[in-house]
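> Here is my input, please return the structure:
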Amino acid sequence: MRLTALAAGFALLSGWLTLMLLDLLCGYWERPIRLLLWYAGIIIAFALAYFLFGGLQPQDLGSCFYYSLVSATALGYGRWAPQPHEWAKALGAVEAVIGILLIALIASLLVRYVTR
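So this is what the prediction gives:
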């Protein structure tokens, strides 16, 4: 009995957190601009982190923005890529996961608008 109540409480909490996250990111799929602004903000924030903490070689803002943009879209670095330090590689992987999740949310927004 006690385990069932705990599981029900956890399910309620996780459902509430999911709804709060969706409201924060895209306004329950009613505000696509908010989601695009979050995506751009994440790219800029990671680029500034690479630049301020010296995570890439060469160390210029353009290289940091390029590395952040390519990491967030998970496209691949191509011929030229800045040489990241070890912590910047891990941060790039985290940014790639966040970027893929945001791309999935954008795709679901587009499907929602097309099927209306």
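> what's the longest helix along the chain packed up against?
Longest helix in the chain by number of residues (criterion: DSSP state H): helix 86-115. The contact analysis (3 or more CB pairs under 8 Å, 6 or more residues apart in numbering; DSSP states H and E) places helix 86-115 against helix 2-26, helix 32-52, helix 61-73. (Glycine included, C-beta is placed from N, CA and C.)
> closest to Leu110 out of those?
helix 32-52 (8.4 Å; CB to CB).
> Please identify the buried residues of the closest one?
Buried residues in helix 32-52, counting neighbours by 16 or more other CB atoms under 10 Å, are found at Pro32, Leu35, Trp38, Tyr39, Ile42, Ile43, Phe46, Ala47, Ala49, Tyr50, Phe51.
> want to try TSV for those residues, with distance to Ala11 and pLDDT as columns?
Shown next, in TSV, are these (distance: CB to CB, whole Å; pLDDT from 0 to 100):
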residue	distance to Ala11	pLDDT
Pro32	29	77
Leu35	26	82
Trp38	27	85
Tyr39	30	90
Ile42	29	92
Ile43	34	94
Phe46	33	93
Ala47	38	93
Ala49	35	92
Tyr50	39	90
Phe51	42	91
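> For these, name the two members farthest from one another.
Pro32 and Phe51 (28.9 Å).
> can you pull the buried residues of the worst-scoring helix or strand of the chain on mean pLDDT?
Taking mean pLDDT, DSSP states H and E as the measure, helix 2-26 is the helix or strand of the chain with the lowest mean score, a mean of 72. Going by neighbour count (16+ other CB under 10 Å), the buried part of helix 2-26 is Leu25, Cys26.
> and it, what other elements does it pack with?
Packed against helix 2-26, as judged by 3+ CB pairs under 8 Å, 6+ apart, are the following elements: helix 32-52, helix 86-115.
> Need those in TSV (columns: distance to Thr73).
Converted to TSV, these look like this (distance: least, CB to CB, whole Å):
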stretch	distance to Thr73
helix 32-52	9
helix 86-115	6
